[in-house]
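Requesting a structural model of the entry that follows:
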Amino acid sequence: MLDFAARLAYQSRGAHRAVGGVKFLVDAQLPRRMAAWLTVRRHDAIHTLDLPRRNLSSDTDVCAIADSEDRIVLTKDEDFVRTLLVQDTPQRLLLVATGNISNNDLIALFDRSLALIERGFENVRFVEVNQQAVIVHG
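Numbering: from 1, shown residues only. Sure thing, here's the model as predicted:
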């Protein structure tokens, strides 16, 4: 868990975030460009590189920050699925299950799928996206 000084330093960097939309915390396996792309689309998105421990942030820290700020954890790391099912955290999870994919193809996939992803989170806590579908887990 982040100590007070680290949390304060992290919170002070929030001025660059977009207002409105859905809030995301993009995990280390995904490019920072993903957070920037979401921000351009009027979502509030940060990357683990924006956190005090940057990409060394533990899954526990990522979940704690996401839950405290009502963010969706956006990740390729399937460990978060187990954590959600067993420990009931993070509160919301978006799993990217594409295997190896270029950053350009990832952005194109989200460009096609973002509206479905947003609708999925209206009713459930766990949504998965792959190259063929958006899967809303009930």
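
all strands for the protein, in order.
Ranges of strands within the chain are 23-26, 44-47, 72-75, 93-96, 126-129, 134-137, based on DSSP state E.

How far away from the center of its chain is the fourth one?
Its chain's C-alpha centre lies 7 Å from the corresponding centre of strand 93-96 when counted by C-alpha atoms, centre = their mean, to the nearest Å.

Show me what that strand packs onto, helices and strands only.
Identification of packing neighbours for strand 93-96 by 3 or more C-beta pairs under 8 Å, 6 or more residues apart in numbering; DSSP states H and E yields strand 72-75, helix 79-87, strand 126-129. All C-beta spots, glycine's among them, are computed from the backbone N, C-alpha and C.

same check, this time on the first one
Packed against strand 23-26, as judged by 3+ C-beta pairs under 8 Å, 6+ apart, are the following elements: helix 32-40, strand 44-47, helix 59-68, strand 72-75.

which of the ones you listed is buried the deepest?
Of those, the one with the most neighbours on average (mean count of other C-beta atoms under 10 Å) is strand 72-75, at a mean of 26.

sorry, back to before: among the helices and strands packed on strand 23-26, which is nearest Ile135?
With C-beta to C-beta as the criterion, Ile135 lies closest to strand 72-75 of the helices and strands packed on strand 23-26, at 14.8 Å.

what ranges of this structure fall below the confidence cut-off?
Along the chain, the model assigns pLDDT under 70 to residues 1-20.

Tell me where the longest helix sits in it.
Taking DSSP state H as the criterion, the chain has its longest helix at helix 103-120.

Please identify the buried residues of it?
Using 16 or more other C-beta atoms under 10 Å as the burial criterion, the residues of helix 103-120 that qualify are 106-107, 109-110, 113-114, 117-118, 120.

what's the answer for stretch 78-86, then?
By 16+ other C-beta under 10 Å, the buried positions in stretch 78-86 come out as 80-81, 83-84.

Kindly reformat the helices and strands packed on strand 23-26 as JSON lines and extend each row with distance to Val129.
Listed next are those as JSON lines, based on distance: least, C-beta to C-beta, whole Å:
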{"stretch": "helix 32-40", "distance to Val129": "12"}
{"stretch": "strand 44-47", "distance to Val129": "15"}
{"stretch": "helix 59-68", "distance to Val129": "17"}
{"stretch": "strand 72-75", "distance to Val129": "9"}
